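Chemist: just need the structure, nothing else, for what follows:
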Amino acid sequence: MLFTPAETKVVIVGGGTMGADVAAVCARGGCAVQVVEPTTERRALLPDYFANTLAELGYENRVHLLSTAGTLEEVDWSDVDLVIECVPERLDIKQELFAKLEKYAKPEAVLASNSTSFPISQIASGLKTAARMIGLHFFMPAHLIPCVEVVYGEKTSPMVADSLTRLMTACGMVPVTVKKDLPGFLANRLQHALSREAFSMVDQGICTPEDIDKAVRFGFGFRYIAAGPAMQRDHAGLEIHAAGGATIYPSLNNSSTIAKCLSERVESGKFGMKTGEGFFSWTAETIQAERKRYQKALREGLKIIQKDLPEIKQ
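Modeler: Below you'll find the predicted structure:
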């Protein structure tokens, strides 16, 4: 089982944006972290990225806890306590990786997947030690967004989930436990429920994508930094929500297919920033400006809720 960060050695497989940020989270807490990244060019960039990211977080004194490797074979598996997979979102790649990890990692080591969509039980299919297999789903950017989902597979041991939850808390994260292996887990199911209704209203000509964003950011979504949906209902009164729900729920979108305003853009190759157009048009300059604004907003928001986050021992 996992113990305190100072006693826990972590291996992260995949040194892309998500893997690098997860590594920073673990090192921030005090874990010794080794990132396995096979691409030489990307691996060469990681030391500077770690130094800059930890400096921004105020933990530059822990950059020495981070190291890299090019292959799984380069890792000294004898003292690895936790493995976090951050490889591309393909089921075959993940299943092949965990089959290898089961052989490399010591029996008591925890094997975690950062998958955003595949059921943990599906990734763990065929493993002899599926009880130690668990989901650990971060949100981008992982070092700025505190929430992390601890997701049970069908055979996950509660002891594994409990110890991982304690470790993530010690690393300054806010873990939420998802006890059933549903598609999308917890947070993404909530996000997609909102998106389904939002894009349905765009399809119906009720509002524009710009109006959707304004309604969320400057309306009810603004309150989420202070309280979640359950706490907000206690503030407002459950009877008010119940009455509103009785009127609104019957008219909400319940389609099993995605909205046309989304599917048609995807079919046309309009994926967003990466293609220069999605719901909005993008240039290299506007992308840079938007990402800078977005990161600044997240950092400012993090300052507001800082007092509600777990403290990390220096």
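Chemist: next SSE after the helix or strand bottoming out on mean pLDDT in the chain?
Modeler: Averaged element by element with mean pLDDT, DSSP states H and E, the chain has its least confident helix or strand at helix 120-123 (a mean of 90). Helices and strands here follow DSSP states H and E; after helix 120-123, the next one along the chain is strand 133-138.
Chemist: who does the least confident helix or strand of the chain touch, helix- and strand-wise?
Modeler: Other elements packing on helix 120-123 under the criterion 3 or more CB pairs under 8 Å, 6 or more residues apart in numbering; DSSP states H and E are helix 91-104, strand 133-138. Just so you know, the C-beta spots here come from the backbone N, C-alpha and C atoms, and that holds for glycine as well.
Chemist: now it - C-alpha only, CSV.
Modeler: Listed next in CSV are the C-alpha coordinates belonging to helix 120-123 (Å, rounded to 0.1, in the frame of the first residue of the first chain):
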residue,chain,number,x,y,z
ILE,A,120,-11.1,0.7,-15.6
SER,A,121,-12.3,-2.9,-15.6
GLN,A,122,-11.9,-3.0,-19.4
ILE,A,123,-8.3,-1.8,-19.2
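Chemist: okay, and residue 214 sits in which element?
Modeler: Element membership for residue 214 (DSSP H and E) is helix 209-218.
Chemist: and what of residue 149?
Modeler: When secondary structure is defined using DSSP H and E, the element that contains residue 149 is strand 147-151.
Chemist: next, the angle from that strand to strand 133-138.
Modeler: Counting by axes from the mean of the first three to the mean of the last three CA atoms, to 10 degrees, strand 147-151 lies at 160 degrees to strand 133-138.
Chemist: what packs against strand 147-151?
Modeler: Against strand 147-151 (3+ CB pairs under 8 Å, 6+ apart) you get strand 133-138, helix 158-170, strand 174-178.
Chemist: point out the most buried one among these.
Modeler: Burial of the helices and strands packed on strand 147-151 is given as mean neighbour count (mean count of other CB atoms under 10 Å); strand 133-138 ranks first at a mean of 26.
Chemist: list of residues touching that strand?
Modeler: 18, 21-22, 25, 84, 98, 110-116, 120, 123-124, 127, 145, 148-153, 155-156, 160-161, 164, 168, 178, 181, 185, 187 (CB atoms under 8 Å, 6 or more residues apart in numbering).
Chemist: if we go to 6 Å?
Modeler: Strand 133-138 is contacted from outside by 22, 84, 111-114, 120, 124, 127, 148-149, 151, 153, 156, 160, 185, using CB atoms under 6 Å, 6 or more residues apart in numbering.
Chemist: again with stretch 42-49
Modeler: 15, 20, 37, 68.
Chemist: repeat that with 10 Å
Modeler: Stretch 42-49 is contacted by residues 14-17, 19-21, 23-24, 35-37, 39, 63, 66-70 when judged by CB atoms under 10 Å, 6 or more residues apart in numbering.
Chemist: coming back round to it: looking at the helices and strands packed on helix 120-123, which is buried most?
Modeler: Neighbour counts (mean count of other CB under 10 Å) averaged over each of these peak at strand 133-138, with a mean of 26.
Chemist: quick one: mean pLDDT for that strand?
Modeler: For strand 133-138, the per-residue pLDDT values average out at 96.
Chemist: sheet-wise, list the partners of that strand with their directions.
Modeler: Strands that pair with strand 133-138, judged by DSSP bridges, come out as strand 110-113 (parallel), strand 147-151 (antiparallel).
Chemist: quick check: which ranges of this structure have low pLDDT?
Modeler: Scanning the chain with the threshold set as pLDDT under 70 gives 314.
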